[in-house]
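Novice: Build me a model from this:
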Amino acid sequence: MSTQIKVLCCTWNVGSASPDRSGHVTLDSWLAVTEDEANAPHVCVVCLQEVSLSPLSWISDEWTDEITSSVCRNGRLIRFRRVRQFGIVLLIFIQPFMLPSISKIAEESVATGVGGFLGNKGAAIIRFRLYGKSICIVGSHLSAHPENLEKRNEEFHMICDDVKFSDPKCQLVLEHDYVFWLGDLNYRLCDDVFYAMVVKKVEGNRLDELLGYDQLLQEQQKGTAFVGFSEGHVTFNPTYKYDKETQQYDTSRVPSWCDRVLYRVSDEVPQHVDVTSYTSHPEHCVSDHKPVSAQLELKMAADNMRRLVEFAFPTTWICKQDALIAYSLDSDVVTSSWDWIGLYKTGWHQLSDYVTYVWAPSKRLTRRHHVPLDNDYVPKEPGLYQLIYHSNHYKQVLGISQHFQIELDAIV
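Specialist: Below is the predicted model:
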């Protein structure tokens with residue numbers, strides 16, 4: 001059985017700037033926020049570099065809040081994970097119905113700065129299985145400056161070789177079925193070009209001529225880095241370096257395509273990836289980089305689409321009255337006394353946004369379970385809600401209910 005998955009990958013080196021809140025430009029075009037459900041991505045990946053540091057920014061930051069507000073605004077996507085490595089922030093958004101199909105989640109970070117310890121360069125990484133297929137997402141910021149080409153190559157190999165996951169079938173980054181690698185890779189145009197020449201070719205839309213000087217493409221051809229990775233055809237102008245708040249290139253640097261989105265598919269996966277869009281978004285001017293996005297479609301052979309927990313559709317609940325949660329467990333599910341069921345109001349943005357919760361019973365006498373919810377824990381605010389089963393043993397969501405109504409008591 002196969003299923004089509006739409007993946008949106010977005011990268012931006014924000015240069016320690018704050019989001020533009022002037023109202024003149026929004027993040028929607030970069031993040032492909034759309035009211036058209038048919039064109040909405042199933043998975044949205046956002047990698048930021050040079051996000052300002054503050055004591056609380058390890059928990060959240062203004063860019064994460066702004067992007068989450070934009071991506072989750074119409075309720076189609078929720079924020080699944082946030083991984084931070086110094087100034088790198090990697091955000092993963094998904095459509096909620098996919099939660100029970102995601103397993104074996106792990107996060108890693110790699111510092112590749114001075115001595116391999118300084119965190120100003122490196123990668124934030126997340127891996128998981130989706131419908132049984134292994135996926136690894138790497139958001140990275142590699143070493144700057146044209147002369148540090150070999151250093152960038154070394155950092156690529158460091159990230160690939162030093163990160164080891166517990167999944168025996170794919171312990172290394174490149175052993176996954178799908179790898180998405182995005183960020184400020186910092187590959188420049190080689191030394192044979194100079195500023196005036198590049199600007200003239202950009203103005204003349206002779207980008208293919210410039211791509212012949214691109215370090216990343218050259219290193220791939222030589223087999224020294226990113227071998228086996230693919231990329232959509234680059235038809236947008238170099239994304240670095242701009243004078244901030246303008247569309248003009250900074251004369252101190254030769255314009256280059258530093259900001260990229262690459263992907264790699266294992267030879268053992270027969271299905272292919274289509275890049276339906278690959279572009280920059282020059283209207284954003286708070287940084288000296290321009291953001292980049294790529295829209296990809298995966299025709300994925302789904303090995304496992306079953307739900308391990310199935311909720312019975314609840315009868316209408318009444319605000320502040322006792323309620324009953326009914327669900328059935330797959331016969332193979334291992335339960336724990338730390339499993340819990342969260343109640344979420346429609347419009348929630350992340351798994352921590354539950355209104356209330358109840359512990360799930362750990363003893364399994366039958367497949368079907370009924371868990372009472374005391375009236376003190378039933379919301380007093382009417383609206384649409386849904387239930388989510390969280391497994392402590394598997395460290396994942398095992399089931400999600402349909403939306404159901406909680407109503408005010410008709411007798412007042």
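
Novice: make it CA atoms for all contacts and neighbour counts henceforth
Specialist: Fine.

Novice: ranges for the helices of this structure?
Specialist: Assigned by DSSP state H, the helices in the chain fall at 62-71, 149-162, 195-203, 207-211, 215-222.

Novice: So, low pLDDT: which residues of this structure?
Specialist: For the chain, applying pLDDT under 70 flags the ranges 1, 55-58, 114-119, 302-305, 365, 410-412.

Novice: Please repeat the previous calculation with a cut-off of 50.
Specialist: 412 (pLDDT under 50).

Novice: Give me the neighbour count for residue 240.
Specialist: Using other Cα atoms under 10 Å, residue 240 has 24 other residues around it.

Novice: what helices or strands is the longest strand seen in the chain leaning on?
Specialist: Taking DSSP state E as the assignment, the strand of the chain that covers the most residues is strand 2-13. When contacts are defined as 3 or more Cα pairs under 8 Å, 6 or more residues apart in numbering; DSSP states H and E, strand 2-13 packs onto strand 43-49, strand 178-184, strand 259-265, strand 292-301.

Novice: Tell me which residues touch the nearest residue to residue 130 once chain neighbours are set aside, please.
Specialist: Nearest residue to residue 130 in three dimensions, chain neighbours excluded: residue 102, at 4.8 Å (Cα to Cα, 6 or more residues apart in numbering). Applying Cα atoms under 8 Å, 6 or more residues apart in numbering to residue 102 gives the contacts 128, 129, 130, 131, 396, 397.

Novice: that older thread, make TSV from the helices of the chain and add distance to residue 240 and mean neighbour count to it.
Specialist: Below are the helices of the chain laid out as TSV (distance: least, Cα to Cα, whole Å; neighbours: other Cα atoms under 10 Å):
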stretch	distance to residue 240	mean neighbour count
helix 62-71	20	17
helix 149-162	16	17
helix 195-203	12	14
helix 207-211	14	16
helix 215-222	14	17
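
Novice: I'd like those helices laid out as JSON lines, including distance to residue 180.
Specialist: Formatted as JSON lines, the helices of the chain follow (distance: least, Cα to Cα, whole Å):
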{"stretch": "helix 62-71", "distance to residue 180": "20"}
{"stretch": "helix 149-162", "distance to residue 180": "13"}
{"stretch": "helix 195-203", "distance to residue 180": "28"}
{"stretch": "helix 207-211", "distance to residue 180": "21"}
{"stretch": "helix 215-222", "distance to residue 180": "16"}
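
Novice: Can you check which of the ones you listed gets nearest to residue 95?
Specialist: helix 62-71 (10.8 Å; Cα to Cα).

Novice: Strand 43-49 and the closest one, what's the angle between them?
Specialist: Counting by axes from the mean of the first three to the mean of the last three Cα atoms, to 10 degrees, helix 62-71 lies at 160 degrees to strand 43-49.

Novice: then helix 62-71 to CSV, C-alphas only?
Specialist: C-alpha atoms of helix 62-71 as CSV (Å, rounded to 0.1, in the frame of the first residue of the first chain):
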residue,chain,number,x,y,z
GLU,A,62,10.3,34.8,19.3
TRP,A,63,10.9,33.1,15.9
THR,A,64,9.4,29.8,17.1
ASP,A,65,6.4,31.6,18.5
GLU,A,66,5.9,33.6,15.3
ILE,A,67,6.3,30.6,12.9
THR,A,68,4.1,28.4,15.1
SER,A,69,1.4,31.0,15.1
SER,A,70,1.5,31.3,11.3
VAL,A,71,1.8,27.5,10.4
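
Novice: Residues in contact with that helix: which ones?
Specialist: 18-19, 27-28, 31, 33, 51, 77-79, 91, 93, 349.

Novice: could those be laid out in TSV, adding neighbour count?
Specialist: Output for these, formatted as TSV (neighbours: other Cα atoms under 10 Å):
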residue	neighbour count
18	15
19	18
27	18
28	12
31	23
33	19
51	23
77	26
78	25
79	25
91	24
93	25
349	23
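
Novice: you'd agree residue 359 is up against residue 338?
Specialist: Yes: look at residue 359 against residue 338 with Cα atoms under 8 Å: they come within range, at 6.9 Å.

Novice: follow-up on the earlier one: so how far is the longest strand of the chain off the chain centroid?
Specialist: Between the centre of strand 2-13 and the centre of its chain there are 8 Å (Cα atoms, centre = their mean, to the nearest Å).

Novice: before we move on, what about stretch 237-253?
Specialist: 27 Å.

Novice: same question, stretch 122-135
Specialist: 10 Å.

Novice: Excluding chain neighbours, what is closest to residue 281?
Specialist: Per Cα to Cα, 6+ apart, closest to residue 281 is residue 291, 5.5 Å.

Novice: That neighbour: what's it in contact with?
Specialist: Neighbours of residue 291 in contact, by Cα under 8 Å, 6+ apart: 10, 11, 12, 13, 30, 239, 259, 280, 281, 282, 284.

Novice: let's see it at 7 Å
Specialist: 11, 12, 280, 281 (Cα atoms under 7 Å, 6 or more residues apart in numbering).

Novice: Which strand residues bridge the first one?
Specialist: This means residue 11. residue 47, residue 292 (DSSP bridges).

Novice: doesn't residue 44 make contact with it?
Specialist: No: taking contacts as Cα atoms under 7 Å, residue 11 lies outside contact range of residue 44: 11.0 Å.

Novice: what are the ranges of the strands in the stretch 101-250 of the chain?
Specialist: With DSSP state E, counting those that start in this stretch as the criterion, the stretch 101-250 of the chain has strands at 102-111, 122-130, 133-141, 178-184.

Novice: between residue 11 and residue 44, which one's more packed in?
Specialist: residue 11 (27 against 24).

Novice: how far away is the more buried one from residue 182?
Specialist: Distance of residue 11 to residue 182, given as Cα to Cα, to the nearest Å: 6 Å.

Novice: Tally up the residues packed near the closest residue to residue 245 other than its chain neighbours, please.
Specialist: The shortest distance from residue 245 to any non-neighbouring residue, by Cα to Cα, 6+ apart, is to residue 285 (4.5 Å). Residue 285: 21 surrounding residues under other Cα under 10 Å.

Novice: Can you verify my assumption that residue 285 contacts residue 244?
Specialist: Yes: checked against Cα under 7 Å, the pair residue 285 and residue 244 is within contact range at 5.8 Å.

Novice: could I get the helices and strands packed on strand 2-13 as a markdown table with distance to residue 212?
Specialist: Below are those laid out as a markdown table (distance: least, Cα to Cα, whole Å):
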| stretch | distance to residue 212 |
| --- | --- |
| strand 43-49 | 26 |
| strand 178-184 | 19 |
| strand 259-265 | 16 |
| strand 292-301 | 20 |
